[in-house]
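Novice: Quick one, structure for this:
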Amino acid sequence: MKKTDAKKALTSKNPAELQTELEALLKEQFGLRMQAATQQLQDNSKLKTVRRGIARARTLIHQKRPA
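Specialist: Numbers count the residues shown, from 1 in each chain. Presented below is the predicted three-dimensional model:
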């Protein structure tokens, strides 16, 4: 999936769905950090991708929050 497709998929979600997506990304990040700590992580770029996904989800949650 291209980055633009992932962004469009996130922007179409409501805040509750974004919150569940954020929780899933945070759990994934934790698992990747544990793999990195135990020298089991094969793809280091996955950490960067997940971290940016978390930032995107948090940004959209704050943007969709009522003012």
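Novice: Just the helices from the chain, written as ranges.
Specialist: Chain-ordered helices for the chain, with DSSP state H as the definition, fall at 3-11, 15-37, 45-64.
Novice: Can you flag the weakest of these by average pLDDT?
Specialist: Taking the average pLDDT of each of the helices of the chain, the minimum falls on helix 3-11, with a mean of 79.
Novice: Tell me the helices and strands packed up against that helix.
Specialist: Applying 3 or more CB pairs under 8 Å, 6 or more residues apart in numbering; DSSP states H and E, one finds that helix 3-11 contacts helix 45-64. For glycine as for every other residue, the C-beta is placed from the backbone atoms N, C-alpha and C.
Novice: what does the helix it packs on rub up against?
Specialist: 6-7, 10-11, 13-15, 18-19, 21-22, 25-26, 28-29, 32-33, 36, 41 (CB atoms under 8 Å, 6 or more residues apart in numbering).
Novice: same thing but at 10 Å, please
Specialist: When contacts are taken as CB atoms under 10 Å, 6 or more residues apart in numbering, the neighbours of helix 45-64 outside the stretch itself are 3, 6-7, 10-11, 13-33, 35-36, 41, 43.
Novice: Buried among these? Need that as a selection in PyMOL.
Specialist: Listed next is the PyMOL selection for buried residues among those, using 16 or more other CB atoms under 10 Å:
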select buried, resi 10+13+18+21+22+25+28+29+32
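Novice: burial of Lys48, as a residue count?
Specialist: When neighbours are defined as other CB atoms under 10 Å, Lys48 has 10 of them.
Novice: And Met34, by the same measure?
Specialist: Under the criterion other CB under 10 Å, the count of neighbours that Met34 has is 11.
Novice: repeat for Arg56
Specialist: Look at Arg56: counted by other CB under 10 Å, it has 19 neighbours.
Novice: Compute the distance between it and Lys13, please.
Specialist: Using CB to CB, to the nearest Å, one gets 11 Å for the distance from Arg56 to Lys13.
Novice: Now for those two: what residues contact both?
Specialist: Glu21.
Novice: Give the full set of residues in contact with the residue nearest to Asn44 when sequence neighbours are not counted.
Specialist: Residue nearest to Asn44 in three dimensions, not counting chain neighbours: Ala36, with 7.5 Å by CB to CB, 6 or more residues apart in numbering. When the contact criterion is CB under 10 Å, 6+ apart, the partners of Ala36 are 44, 46-47.
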